[in-house]
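Peer 1: next input, structure requested:
(one chain, ligands or ions: 1)
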Amino acid sequence: MFAKRIDRLKPSLVREILAAAQAPGVISFAGGLPAAETLFQPELSELKLPASIWQYGASEGESVLRDLVAQRANRLGLACRPDQVLILNGSQQGIDLVAKLWVEETTKILCESPTYLAALQVFDLFGASFESSQADWLSPTDIEASQADFAYLIPTFQNPTGRCYSTEQRQLLAQAFDLRRMPVFEDDPYRDLAFDGPAPAPLVSHLQSVPWVYQGSFSKTLAPGLRLGYLIAHPDLIVPLTRLKQAADLHSNRLSQAIVTHVLANGTLDKHIADLLPIYREKRDLMHQVLTEQLAEKAYWHKPAGGLFFWLELKRDCDTHYLMQKALALGLAIMPGDPFYPAKPQQTCTLRLNFSHSSLELIEEGVNRLARLI
Ligand code: PMP
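Peer 2: Next comes the predicted model:
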């Protein structure tokens, strides 16, 4: 009854945990949700919507928005023209389009381990296999030794680890990708959530010759419900990617594009980011402080300089799925780390904790519950 690939679709643990986390009274560190109080609420009455936005639009996206996205990328050091920009219904769509562009049943992908679970799911659906580093960073040696067809990586405030590669590491990795002639897909939705100074320029901006795709999102800065993201691609890739976009859904939602164009053009996006950074920084600092008070002897972690997550490794091996179930019974939702690994990890003692969604009070209470349980 189904295509063969459907056998590769696994039930999503994340969806199950997120459903359980919705129950009243549950403190949720499980998802990657922005805080409700930081969600952008546009003044819809201010928006002058041209009647044309209710018509079908261009698969590439609205041209003013593509210009604004290209300008922003150029300011980051990623040289590109507006015709290299494709507007997406959320950056999750970029993963699907790149998988359709590059993944066959024989394709090998080099990625970080752990990495973004929902990217692994999409690549897996198209039949990819994975190669990854032993450490949770990719190194030039991993690239030199790799047989992979392309690399997928999240160099800035990674999901789930929160790690961010320095400019020097980005340059060295880019050099290795060029030497090995390995195309690069850089996923960058967390860049603007930088609490300790701006993030280094995108890794793909250091590439000299290999094809690349870079993508970003408005979910973490404005609101995930807008479902708006974008990709920027090497000129050779943008035409097939645009055709794939057209085949998938014709074009992105024009109302969301009009809202985001407005807030980018009038500077509201940057103001909104400036307003939400201190809120997230305070939550990150508090989670770090309470973890340090309660769990320093039982777990390792580093304080993330941006993004939405802490990544904990418990010092004693422990089944974190069991821990998750026990935590839920205590009204706390946490995310076991092992689904984020492309291959089954040897240890199952990792956890991802989100700090953006809960209030300061609930962060403290949640870490206290977790510490008692551990
Ligand atoms: N990439 C990464 C690394 C993510 O963490 C997410 C969201 N959790 C996405 C892509 C997709 O985000 P969106 O579709 O909301 O832009």
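Peer 1: what's near enough to touch K245?
Peer 2: Residues near K245 by Cβ atoms under 8 Å, 6 or more residues apart in numbering: 59-60, 86, 88, 93, 97, 251. C-beta coordinates here come from the backbone N, C-alpha and C atoms, glycine included.
Peer 1: after the worst-scoring helix or strand of the chain on mean pLDDT, next one along is what?
Peer 2: Lowest by mean pLDDT, DSSP states H and E among the helices and strands of the chain is helix 13-21, with a mean of 81. Counting by DSSP states H and E, the next helix or strand C-terminal to helix 13-21 is strand 27-28.
Peer 1: re the thing from before, list of residues touching the least confident helix or strand of the chain?
Peer 2: Outside helix 13-21, the residues touching it (Cβ under 8 Å, 6+ apart) are 26, 28, 30-31, 117-118, 324, 328, 333, 335-336, 339.
Peer 1: re earlier: so which of the contacts of K245 is the most crowded?
Peer 2: With neighbours taken as other Cβ atoms under 10 Å, the top of these is L86, carrying 28 neighbours.
Peer 1: centroid residue for the protein?
Peer 2: Nearest residue to the geometric centre of the chain (Cα atoms, centre = their mean): P189, 4.8 Å.
Peer 1: now the least confident helix or strand of the chain: buried residues?
Peer 2: 13-14, 17-18, 21 (16 or more other Cβ atoms under 10 Å).
Peer 1: please enumerate the strands of the stretch 151-300 of the chain.
Peer 2: Using DSSP state E, counting those that start in this stretch, the strands of the stretch 151-300 of the chain run over residues 184-187, 212-217, 229-233, 299-300.
Peer 1: in a markdown table, list those strands along with mean pLDDT, mean neighbour count and distance to the ligand.
Peer 2: Listed next are the strands of the stretch 151-300 of the chain as a markdown table, based on pLDDT from 0 to 100; neighbours: other Cβ atoms under 10 Å; distance: least, Cβ to the nearest ligand atom, whole Å:
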| stretch | mean pLDDT | mean neighbour count | distance to the ligand |
| --- | --- | --- | --- |
| strand 184-187 | 98 | 26 | 5 |
| strand 212-217 | 98 | 25 | 3 |
| strand 229-233 | 98 | 27 | 4 |
| strand 299-300 | 96 | 16 | 22 |
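Peer 1: rewinding a little: go through the contacts of K245 and say which is closest to V213.
Peer 2: L97 (8.6 Å; Cβ to Cβ).
Peer 1: confidence score at the closest one?
Peer 2: On the pLDDT scale, L97 is placed at 98.
Peer 1: roughly how far does it sit from the ligand?
Peer 2: 12 Å (Cβ to the nearest ligand atom, to the nearest Å).
Peer 1: wait, doesn't that residue sit right on A247?
Peer 2: No: in this structure, L97 is not within contact of A247 by Cβ atoms under 8 Å, at 9.4 Å.
Peer 1: picking up where we left off before, out of the buried residues of helix 13-21, which are close to the ligand?
Peer 2: By Cβ under 6 Å from any ligand atom, no member of these lies near the ligand.
Peer 1: got JSON lines for these, with distance to R75 too?
Peer 2: Below are the buried residues of helix 13-21 laid out as JSON lines (distance: Cβ to Cβ, whole Å):
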{"residue": "L13", "distance to R75": "38"}
{"residue": "V14", "distance to R75": "34"}
{"residue": "I17", "distance to R75": "38"}
{"residue": "L18", "distance to R75": "35"}
{"residue": "A21", "distance to R75": "37"}
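Peer 1: and the residue lying farthest from the centre of the chain, what pLDDT?
Peer 2: Seen from the C-alpha centroid of the chain, the residue lying at the greatest distance (Cα atoms, centre = their mean) is A51, 33.9 Å away. What the model reports as pLDDT for A51 is 90.
Peer 1: distance of it from the ligand?
Peer 2: Where the ligand is concerned, A51 sits at a distance of 28 Å (Cβ to the nearest ligand atom).
Peer 1: show me what contacts that residue?
Peer 2: Listed by Cβ under 8 Å, 6+ apart, A51 has no contact partners.
Peer 1: repeat that for the one 4 residues further on.
Peer 2: Under the criterion of Cβ under 8 Å, 6+ apart, the contact list for Q55 reads R254.
Peer 1: skipping adjacent residues, who's closest to K315 in space?
Peer 2: Ranked by Cβ to Cβ, 6 or more residues apart in numbering and with sequence neighbours excluded, the top spatial neighbour of K315 is K298, at 5.7 Å.
Peer 1: and the one you found, how far is that from L351?
Peer 2: Between K298 and L351 the distance is 11 Å, computed by Cβ to Cβ, to the nearest Å.
Peer 1: what do you get for W311?
Peer 2: Distance, W311 to L351, using Cβ to Cβ: 8 Å.
Peer 1: between those two, what contacts are shared?
Peer 2: In contact with both W311 and L351: G337, using Cβ under 8 Å, 6+ apart.
Peer 1: give me every residue in the stretch 51-200 of the chain lying close to the ligand.
Peer 2: For the stretch 51-200 of the chain, the residues in contact with the ligand (Cβ under 6 Å from any ligand atom) are 90-92, 116, 154, 159, 187, 189.
Peer 1: format the strands of the stretch 151-300 of the chain as CSV; extra columns: distance to L125.
Peer 2: Compiled in CSV, the strands of the stretch 151-300 of the chain are given as follows (distance: least, Cβ to Cβ, whole Å):
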stretch, distance to L125
strand 184-187, 16
strand 212-217, 18
strand 229-233, 19
strand 299-300, 33
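Peer 1: now the helices for this structure?
Peer 2: In the chain, the segments counted as helices under DSSP state H are 13-21, 63-76, 92-102, 117-125, 140-145, 167-180, 235-249, 254-265, 268-295, 320-329, 360-373.
Peer 1: which ones are touching K326?
Peer 2: The neighbours of K326, taking Cβ under 8 Å, 6+ apart as the test, are L373.
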